[in-house]
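Asker: give me a model of this one.
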Amino acid sequence: KPNPFPKSIYDNVAYGPRVLGMKVDLDEVVETSLKRAALWDEVKDKLKENGQSLSGGQQQRLCIARALAVQPDVILMDEPCSALDPISTRRIEELMKELEEEYTIIIVTHNMQQASRVSDMTAFFSVELVGSNRVGELIEFDRTEVIFNSPTKQATRDYVEGRFG
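Answerer: Down below sits the predicted model:
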């Protein structure tokens, strides 16, 4: 679920640069970030409205704009489309493909189809029960096409083919 702050659309995007004390033109940063997140045209006339009043897909793009405003090197997206309709999901995936030209984007997802559509590289992690503790383990990491078409590890093959998980 997207997590916009309980602030205006403008203040959601301006939050990071303000907190970090960035010496920037906030109006320009907000507009540029919202444009890059493919949201500007939908919200440019309601920047003072609460970010939480937007649809789920718009909220997700607002959160992406908030991240872009601080000019990160890496963007981490945790289940970026899990609660979104197919149209919003497509918009987010298209946005990820556009942004990958300038940013390293790491997504965490259980949606195998989405991972195969948007990823260049894929890591498959699993959890083992060791005594009473759950321990995460990297099973396999490779180009996405290898992970989905010819994984080297049986556990990866089983997961990709839907035999567990």
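
Asker: contacts and neighbour counts: CA atoms only from here.
Answerer: Noted.

Asker: now the helices: where do they sit in the protein?
Answerer: For the chain, the helices defined by DSSP state H cover 9-19, 26-36, 40-43, 56-68, 86-99, 112-118, 144-149, 154-160.

Asker: hmm, who's touching the third one?
Answerer: Just to be clear, that refers to helix 40-43. 9, 31, 34-35 (CA atoms under 8 Å, 6 or more residues apart in numbering).

Asker: recalculate using a threshold of 7 Å.
Answerer: The contact list for helix 40-43 (CA atoms under 7 Å, 6 or more residues apart in numbering) reads 31, 34.

Asker: CA atoms of that helix as CSV?
Answerer: Extracted in CSV, the C-alpha atoms of helix 40-43 (Å, rounded to 0.1, in the frame of the first residue of the first chain):
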residue,chain,number,x,y,z
TRP,A,40,2.0,16.3,-12.8
ASP,A,41,-0.9,16.6,-15.4
GLU,A,42,-3.3,15.0,-12.9
VAL,A,43,-2.4,17.1,-9.8
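
Asker: quick one: buried residues of it?
Answerer: Within helix 40-43, the residues scored as buried using 16 or more other CA atoms under 10 Å are 40, 43.

Asker: give me the low-pLDDT residue ranges for the chain?
Answerer: 165 (pLDDT under 70).

Asker: from the centroid of it, which residue is nearest?
Answerer: Nearest residue to the geometric centre of the chain (CA atoms, centre = their mean): residue 77, 2.9 Å.

Asker: who's that residue bridged to?
Answerer: residue 107 (DSSP bridges).

Asker: surely it touches residue 107?
Answerer: Yes - with contacts counted by CA atoms under 7 Å, residue 77 reaches residue 107, the gap being 4.6 Å.

Asker: may I have the phi/psi pair for residue 24?
Answerer: Dihedral angles of residue 24 (phi, psi; degrees, to the nearest 10) stand at phi -140, psi 160.

Asker: please name the nearest non-neighbouring residue to it.
Answerer: The shortest distance from residue 24 to any non-neighbouring residue, by CA to CA, 6 or more residues apart in numbering, is to residue 17 (7.6 Å).

Asker: over to residue 69?
Answerer: Closest residue in space to residue 69, ignoring its immediate chain neighbours: residue 33 at 5.6 Å, by CA to CA, 6+ apart.

Asker: surely the one you found and residue 71 touch.
Answerer: No - using CA under 7 Å, residue 33 makes no contact with residue 71, being 9.4 Å away.

Asker: which one's more surrounded, these two?
Answerer: In this view residue 33 and residue 71 are compared by other CA atoms under 10 Å, and residue 33 has more residues nearby, 25 against 14.
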